[in-house]
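J.: Predicted coordinates and the sequence they were generated for:
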Amino acid sequence: MTDILVAGGGPAGLTAALYAARAGKSVVVLEGNAPGGQINFSPLVENYPGLPSIPGSQLAEDLLRQAEELGVALEYETVTGLRTQGSGFQVTTDCAVRECRALVVATGLQHRTLGLSGEEELVGQGISYCAVCDGPFYAGKPVAVVGGGDTALQDALFLSGVCSQVTLIHRREEFRGARRLAEQVRARDNIRCWMDSTVAALHAREGRLTGLTVHGRITGEDRPLEAEGLFIAVGQQPQNTPFAALLDTDDSGYLLAGEDCKTTLPGVFAAGDCRTKEVRQLTTAVGDGAVAGLAACRWVDEHPD
């Protein structure tokens, strides 16, 4: 029986584990992939207070080392199910069954991709899923945004204040996002909208993105586009399926949990990108981790065996 299990080894999960370990609790982090989560794909993190410039992978490594030095155990396991057991919980993974008194879910999300050849290799080398995080790296350069919802429109507006030219590519005739945002996009001199279009190919030189081929769905024509950055905003998918039977989610699959990180099941807490929230950034993830970690400690203290 572990005091606190943490599902997910990204910044939110590792921060929760760190706080819980400092409080004297036994903590195990379950991570099916690489510790650090999405932050590993950021070549440089420049918006984290106190760390003006650090590679995302280095930040993840430092955070993991800090947690492990406090006694946190990391197990490379993927959570597949959750059930209640007495006053605690039973967590099933792909290779074990674990028991805990409190659970922090910090499984994050996955960005939907375009499914193009070379796309995975160019993440962090011209392809990004976060304009606020990586937009400043392309100051004064031409970039493209793919998508037609609120996120794509907001990304284009943000990038227009940083980049020389923003091309917004959307597969439909009209944007799906708010009319107010669409009007603002069309009013910007350095944003052009290529509607009824999709990205057909990515072009790179020496491992970095240099441009795109854009296909016109109605005309059937392909045209080249110079772009040093491509920001993909075609949706996100929270990784909450193993918990959906017991924890309530919104229509998009995000766990219903407020700033206190409490889910609808007492003793289970949600931290980071997997929960309902407005801002999904590194700073808000670690903030959630601190809140969830301390809340889990209080639950363990108040519900002794």
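T.: Right, received. Where do you want to start?
J.: neighbours around the residue lying closest to residue 75 once chain neighbours are set aside, how many?
T.: Nearest non-adjacent residue to residue 75, counting by C-beta to C-beta, 6 or more residues apart in numbering: residue 30, 5.5 Å away. Quick note: C-beta positions are derived from backbone N, CA and C, even for glycine. Neighbourhood size, residue 30 [other C-beta atoms under 10 Å]: 25.
J.: let's number from 387 now, not from 1
T.: Understood, numbering begins at 387; the last thing we discussed is residue 416.
J.: Go ahead and confirm residue 416 touches residue 465.
T.: Yes - between residue 416 and residue 465 there is a contact under C-beta atoms under 8 Å: 5.7 Å.
J.: Quick check: neighbours shared by these two?
T.: Common neighbours of residue 416 and residue 465, using C-beta atoms under 8 Å, 6 or more residues apart in numbering, are 393, 477, 479.
J.: Against residue 390, how distant is the last one?
T.: Looking back up the chat, that one is residue 479. From residue 479 over to residue 390 the distance is 16 Å, taken as C-beta to C-beta, to the nearest Å.
J.: Between those two, which is the more surrounded one?
T.: Using other C-beta under 10 Å, the more surrounded residue of residue 479 and residue 390 is residue 390, with 28 against 19.
J.: and the more buried one, bridged to which residues?
T.: Beta-bridge pairing for residue 390 (DSSP bridges): residue 413, residue 488.
J.: Check residue 513 too.
T.: Residues in a beta bridge with residue 513, per DSSP bridges, are residue 509, residue 616.
J.: Contacts only, for it.
T.: Contact analysis of residue 513 by C-beta under 8 Å, 6+ apart lists 505, 588, 595, 615, 616, 618.
J.: per-residue confidence for it?
T.: For residue 513, the model assigns a pLDDT of 95.
J.: How about residue 431?
T.: 84.
J.: Chain neighbours aside, what residue packs nearest to residue 642?
T.: Nearest one to residue 642, counting by C-beta to C-beta, 6+ apart, is residue 634 at 4.6 Å.
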